[in-house]
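> Build me a model from this:
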Amino acid sequence: MRQRIGLWLGPLLLLAILLLPRPEGLSSEAQRVGAVVAMMAIWWLLDAVPVAITALLPILLYPLLGVMKSSEVTPSYANHLIYLFLSGFLLALAIEKWGLHHRIALRTLAVMGHSPERVLLGFMLVTALLSMWMSATITAMMMLTVALALLHDEFGSAPSPYTERGRDQRAFATSLTLGIAYAASIGGAVTIVGSPPNAILAGILAQQHEMSLSLIGWMLMTLPVALVMLFGVWFYLSRIAYPTRFNHLPGGTALFHKAHQDLGDFSRAERRLIAVFALVVVGWIVRALNQSEFFDWVQDSTIALAGAVALFVIPSGRRPGEPLLDWKSAKQLPWEIILLFGGGFAIAQGFQETGLTEWLAGQLLNLPDIAPFWILLITTLFALALTEVTSNISTAALILPLVGAIAVIFDLPTQLLMSSAAIACSYAFMLPTATPANAIAYGSGYFSIGQMARTGLPINLLGALLISGYLYLFMDAFAPLLFSSSHNG
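Modelled structure (predicted):
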């Protein structure tokens, strides 16, 4: 029913906005862009059609409505940051193909100890680390598989809610599955390649504000927030929301030790893959620290793509002629996310080129004077709340251009407000619909939607306060490392 309503409501809203009298100061092209964005928002919010198809609407509707030619829209779908994310996906697929992520996870879990709190912390740390470089969805799925195996070995079938021990076991299972989902989102927000909203932020800053966002600089800025969030969520889950009375799991971490031993030594392919990944990271660091003219041409996406191409060239060492990554594995790329990036950049392009951003900013002139911190907090909360009911990519694509306009009208640093909103798009913890990781955890069956909402609400508020306060206090210190007008591609 929701999809059917959205399917009709989207075009009706498009027509309604097109037929309304044009507000004073708004160009006809800007009004048409607003109509297209309104239709996209309805289709995204109500899942009327696949999200990637909605992302393609600017290519269809901008030319039909006389906003801009197709040849002017489609470059948004080939932004260089899309290739940064594409290369990141290819590196992640290679890591998944050779099981390197599994080895890292099992090794870490094997040394964490056998108390429920330490096991939970181990799962959350590994999940956050992997989701910095891999898809949060893949990471959550892989880690949840290991967690469910542990829970089955320790507790057998579903714990009984009618005994004290059964309630403790169920509390641990709930905290473990929720902790994995939350850690995947927190870790993903640390890097540009780990979270789609971050990549959309980088593209819009380059497109509209001629600012290049440094991958390493972003990581250095967001890592403290992620660490505080990660340990805060761990403490909340293990000590407040779902405390347990037993001090250790009956089987300890023997499952992890045995599984890790069964993997044996690092294979040639794993060692070569580690070398490629390390060289890519070193390249990013060198570029972040070097302001030479050479890096006006060679960007983070260039370095990442060099690593991705190397995967198809370097032999695996397992059998003759086999590379570290082949196209059969590469075809698993999440093309829908790549198209969503393009849709977000096309929205931003429409806002900029038709003057819609400036007009929206002008409409905010009549708002009461509000202290900068409260504007930052309200913007963060709004982004976080919207992400709970729609995909974080869709949210970022819709609100980041508007947030840029709000920053201009209130004379706030554009990068401050937009960075806060982008991070908030990854910090939604209340509903299964908020992120794929949340949905995967919900599928474990260990908690209800009501439980997830009650558990996630204080974490959402913690995240909003932490993001707003941290960026408000320290953005100026990080700005020279984060943003550059010379490497704008």
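
> Which helix in this structure has the most residues?
Secondary structure assigned by DSSP state H gives helix 449-482 as the longest helix of the chain.

> who does it touch, helix- and strand-wise?
Judged by 3 or more Cβ pairs under 8 Å, 6 or more residues apart in numbering; DSSP states H and E, the packing partners of helix 449-482 are helix 164-188, helix 215-235, helix 372-389, helix 414-424, helix 436-442. All C-beta atoms are positioned from the backbone trio N, CA, C, and that covers glycine.

> Highest average neighbour count across those helices: which stretch is it?
Among the helices and strands packed on helix 449-482, helix 414-424 has the highest mean neighbour count (mean count of other Cβ atoms under 10 Å), at a mean of 27.

> what helices or strands is that helix leaning on?
helix 196-209, helix 372-389, helix 392-409, helix 449-482.

> I'd like to know which of these lies nearest to residue 298.
helix 196-209 (15.4 Å; Cβ to Cβ).

> Tell me what angle that closest one forms with helix 449-482.
40 degrees (axes from the mean of the first three to the mean of the last three Cα atoms, to 10 degrees).

> Can you list the low-confidence ranges for the stretch 301-450 of the chain?
357, 360-369, 389-391, 433 (pLDDT under 70).

> and the most centrally placed residue in the chain, how far is that from residue 430?
Geometric centre of the chain, nearest residue: residue 195, 2.5 Å, by Cα atoms, centre = their mean. As for residue 195, its distance to residue 430 is 18 Å (criterion: Cβ to Cβ, to the nearest Å).

> And residue 303, by the same measure?
Here residue 303 is placed at a distance of 37 Å from residue 430 (Cβ to Cβ).

> and what of residue 179?
15 Å.

> Next up, phi/psi of the residue nearest to the centre of the chain, please.
phi -140, psi 120 (degrees, to the nearest 10).

> For it, which residues are in contact?
136, 188-189, 392, 422, 425-426 (Cβ atoms under 8 Å, 6 or more residues apart in numbering).

> Mind telling me the two of those residues farthest from one another?
Among the contacts of residue 195, the pair separated by the greatest distance (Cβ to Cβ) is 136 and 422, at 14.8 Å.

> Report the secondary structure element holding the residue nearest to residue 135 when sequence neighbours are not counted.
Residue nearest to residue 135 in three dimensions, not counting chain neighbours: residue 92, with 6.0 Å by Cβ to Cβ, 6 or more residues apart in numbering. For residue 92, the host element (DSSP states H and E) is helix 80-97.

> List the buried residues for the helix or strand just after that helix?
For helix 80-97, the following helix or strand on the C-terminal side (DSSP H and E) is helix 100-110. Neighbour counts over helix 100-110 (16 or more other Cβ atoms under 10 Å) mark 100-103, 105-106, 108-110 as buried.

> just to revisit the earlier point, give me the PyMOL select line for the contacts of residue 195, limited to the buried ones.
Buried subset of the contacts of residue 195, written as a PyMOL selection, criterion 16+ other Cβ under 10 Å:
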select buried, resi 136+188+189+392+422+425+426
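
> and which of the contacts of residue 195 is nearest to residue 48?
For the contacts of residue 195, the nearest to residue 48 is residue 392 (18.4 Å; Cβ to Cβ).

> Ramachandran angles for the residue nearest to the closest one when sequence neighbours are not counted?
The shortest distance from residue 392 to any non-neighbouring residue, by Cβ to Cβ, 6+ apart, is to residue 425 (4.2 Å). In terms of degrees, to the nearest 10, the main-chain angles of residue 425 are phi -60, psi -20.

> just residue 213 next, same as before
Backbone phi and psi, for residue 213 under degrees, to the nearest 10, turn out to be phi -100, psi 120.

> Neighbours of it, how many?
Neighbourhood size, residue 213 [other Cβ atoms under 10 Å]: 26.

> Give me the distance between the closest residue to it other than its chain neighbours and residue 79.
For residue 213, ignoring the flanking residues on the chain, the nearest one in space by Cβ to Cβ, 6+ apart is residue 202 at 4.0 Å. According to Cβ to Cβ, residue 202 stands 9 Å off from residue 79.

> same thing with residue 198?
Counting by Cβ to Cβ, the gap from residue 198 to residue 79 is 14 Å.

> ok, those two, which is more surrounded?
residue 198 (29 against 26).

> So the nearest residue to the more buried one once chain neighbours are set aside versus residue 37, what's the distance?
Spatially, and ignoring its direct neighbours in sequence, residue 198 is nearest to residue 192 (4.6 Å; Cβ to Cβ, 6+ apart). In this structure, residue 192 and residue 37 are 24 Å apart, going by Cβ to Cβ.

> Would you mind telling me which of these two has more residues around it?
Using other Cβ under 10 Å as the criterion, residue 192 and residue 37 rank with residue 192 on top: 31 against 24.

> Can I take it that that one is in a helix?
No. Counting by DSSP: H, G, I helix; E, B strand; the rest coil, residue 192 is not part of a helix but coil.

> List the contacts of stretch 468-481.
By Cβ under 8 Å, 6+ apart, stretch 468-481 touches 214, 217, 220-221, 224-225, 288, 372-373, 376-377, 380, 413, 415-416, 419-420.
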